[in-house]
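Trainee: sequence? don't have it. structure:
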């Protein structure tokens, strides 16, 4: 909670889903820290979050998550790397 209150994390609320992201500097990336809710809505939120990350200077988006996300996010350009999923922005 303190990360959100201090601005070091960003909340992405949807109607039935939400994400929390942080910006990481080395390498410059937007990291999906938490997410949950309706899977279809979560997938629909990816494009807007990626555009915001690019505008903040992020070159990558990264996600930690359950194995099922690996399959679902492959269609969005995410690839496994070092236990996380990575996508060039």
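Mentor: The structure has been received and is ready for your questions. A quick note: this is a predicted structure, and the numbers were derived from the prediction, not measured.
Trainee: And the one helix or strand in the chain whose mean pLDDT sits lowest, what's buried?
Mentor: In the chain, the helix or strand scored least confidently by mean pLDDT, DSSP states H and E is helix 67-74, which has a mean of 87. For helix 67-74, burial by neighbour count (16 or more other CB atoms under 10 Å) applies to 69, 73. Just so you know, the C-beta spots here come from the backbone N, C-alpha and C atoms, and that holds for glycine as well.
Trainee: Which neighbouring elements make contact with it?
Mentor: On a contact count with 3 or more CB pairs under 8 Å, 6 or more residues apart in numbering; DSSP states H and E, helix 67-74 meets helix 39-55, strand 84-88.
Trainee: Could I get the ones you listed in CSV, plus columns for distance to residue 29?
Mentor: Shown next, in CSV, are the helices and strands packed on helix 67-74 (distance: least, CB to CB, whole Å):
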stretch, distance to residue 29
helix 39-55, 8
strand 84-88, 8
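Trainee: Understood, closing this out.
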